[in-house]
Every structure is written in C-alpha cells, then in structure tokens.
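>>> no sequence for this one, just the structure:
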C-alpha cells in the first residue's frame, strides 16, 4: 500500500529560533470544541482557562520569547510569538509550542491537541497588522471561521 506523501509544514532551511514574529495556530484533536462554554456570550470553559493560563506562562519559561497577542477559540488557539533575543541560541518555535501543549495536556489530564500545528513567519509590518487584526476579530466571526464546528 502506497501512502500519500505529506507536504512539509516548515519552510525548508529556515531557522525557527531566529529573531522575528511567528503566527501560530494549534487545533484540538479532531477539531473538537473544548475551550468555550455554550451560551450567548464568549466564555472560556475550565479547559479553556487552563489553556489560557498555560499560554500566558510561555515567556516565564523562555526569556527570549515574547507572547505578543493570542486568542483561545473553541477548538483552536492563535498566537503571535516574537523571538527577541537569539544571542544565546534560544529555543525553536517548535520547542516552545510542544512545551505549551504538553503543559496544558498535563494540567487538563487528557490529550486535547492535534499532533502538529500551523505556523507562518511574519515577514513585515503589514502582515503583522493583518494577523493582529485577524486574532482580534476571530472570536466575533467564529461561525465564519475555517475551523468552525457547530
């Protein structure tokens, strides 16, 4: 049986520990809605609160990483992470994300994440502003989101 060849999800030859901005999206396993409470207002579920707290702790674990902007959605999270200091060869984005996912999973007590995550290198200020705005309005447009599950 021949399996389909998986498309690489990282930019070949790029150093993901280098200075710059990164737009990260991490989805829940099977895109299950786990992080918001059902109701008329946006409110984090107990698991959503754990994920929110774990994301906020990223800079405490990695001094060269700045959590610039983020949102916890029902079945995914979006983050802008900035690597500001690579003088001591800091961690890669992959290491930071895997640590955050692992810490949240341990606190929740059951696996909640898909195996991989999506990343995009933010290349200029215009792209940075587009991503920032997208993160801001994403909760308000949840039913139009590509990850939307009713």
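Structure's in. What do you need? These numbers come from a predicted model, not from an experiment. Numbering: from 1, shown residues only.

>>> which of the residues in stretch 47-64 are buried?
47, 48, 50, 51, 52, 54, 55, 58, 59, 62, 64 (16 or more other C-beta atoms under 10 Å). C-beta here means a position set from N, CA and C on the backbone, and glycine is covered the same way.

>>> inside helices: which ones of those residues?
Residues of the buried residues of stretch 47-64 located in helices (DSSP state H): 47, 48, 50, 51, 52, 54, 55, 58, 59.

>>> okay, and the beta partners of residue 83?
residue 20, residue 65 (DSSP bridges).

>>> how near is it to residue 122?
For residue 83, the distance to residue 122 equals 11 Å [C-beta to C-beta, to the nearest Å].

>>> what is the mean pLDDT for stretch 121-133?
Here stretch 121-133 scores 94 as its mean pLDDT.

>>> helix, strand, or coil at residue 116?
Here residue 116 is recorded as coil under DSSP: H, G, I helix; E, B strand; the rest coil.
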